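# the sequence and its predicted three-dimensional model are supplied below.
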Amino acid sequence: MVSIFPVNFTLSSYEKLVSDSQFWRSFMISVERVVLGLIVNMMLMILAAYPLSKSSKQFRAQKVYMNIVIFAMLFSGGLIPTFMVVKGLHLLDSIWALILPGAVPIANVILLMNAFRAVPKSLEEAATIDGASQWRILSTIYVPVVLPTLATVTLFTIVGHWNDYFSALVYINKTSNYPLQTYIQQLSVDVQNITDPQKLIEYSKISNRTLNAAKIVISTLPLLLIYPFMQKYFVTGIVVGSVKE
């Protein structure tokens, strides 16, 4: 008989996950990566986007740096050269190996740059007349005005760090230092290799599919909790700077 209700409903997959110490260690590593990565990314992106939003008269080297940004967006340094740089800086097996190689996402810089360009020039001119420095103009005028775009870029950055699993496969050698998504990608249960009778009984009740589904549900919960608070800024942040008047 077919029913819409599950047959032999069990939470054994979730019980197995919450009892796995490595799962929670990887979870906290991902949280640490998101927090540190968000701080580094936002600081560098704002500092890069602000001067690029200026005209050639205000910033003479603007075209030169803009060409460098476009080139970096189209042509990356490559996986092997990047790995050699990270290894040369002795960053392997550290949290910074997951953050610094992608510290300045070019697409987000361009998004912020267009948002800064949409800010009325009269605000900057009035602040300049009052004797405000460039740093004060950036922090008290530009950043508050483009807050929707900053919220959008913040969401992109959080999702990017949280969902990335490949970087740890390249830069992290110890499985105990894997972030959550890498741990989930690597973890699989092979019942044939289990020799402990007690574990064999436990794993026989859990299939790989249900365990993977439980891992995915738990790993997506933080993003599901964050997104509703930033949803109202999402569309506005994308549109800001797309139309010039």
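Here it is on my side, so go on.
# CA only for contacts and neighbour counts going forward, please
Will do.
# shaky segments in this structure?
Scanning the chain for pLDDT under 70 picks out the ranges 1-3, 6, 187-209, 211, 230-245.
# could you pull out the helices for the protein?
Counting by DSSP state H, the chain has helices at residues 12-18, 21-52, 62-74, 79-88, 106-117, 121-129, 134-137, 143-145, 147-163, 166-171, 180-186, 197-204, 208-239.
# columns mean neighbour count on top of those, output as JSON lines?
Below are the helices of the chain laid out as JSON lines (neighbours: other C-alpha atoms under 10 Å):
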{"stretch": "helix 12-18", "mean neighbour count": "16"}
{"stretch": "helix 21-52", "mean neighbour count": "18"}
{"stretch": "helix 62-74", "mean neighbour count": "13"}
{"stretch": "helix 79-88", "mean neighbour count": "13"}
{"stretch": "helix 106-117", "mean neighbour count": "22"}
{"stretch": "helix 121-129", "mean neighbour count": "12"}
{"stretch": "helix 134-137", "mean neighbour count": "14"}
{"stretch": "helix 143-145", "mean neighbour count": "16"}
{"stretch": "helix 147-163", "mean neighbour count": "20"}
{"stretch": "helix 166-171", "mean neighbour count": "18"}
{"stretch": "helix 180-186", "mean neighbour count": "20"}
{"stretch": "helix 197-204", "mean neighbour count": "12"}
{"stretch": "helix 208-239", "mean neighbour count": "15"}
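# and the closest residue to residue 91 other than its chain neighbours, how many neighbours does it have?
Leaving aside its chain neighbours, residue 91 sits nearest to residue 97 (5.3 Å; criterion: C-alpha to C-alpha, 6 or more residues apart in numbering). For residue 97, the count of nearby residues is 21 (other C-alpha atoms under 10 Å).
# do the same with the one 5 residues further on
For residue 102, the tally of surrounding residues (other C-alpha under 10 Å) stands at 14.
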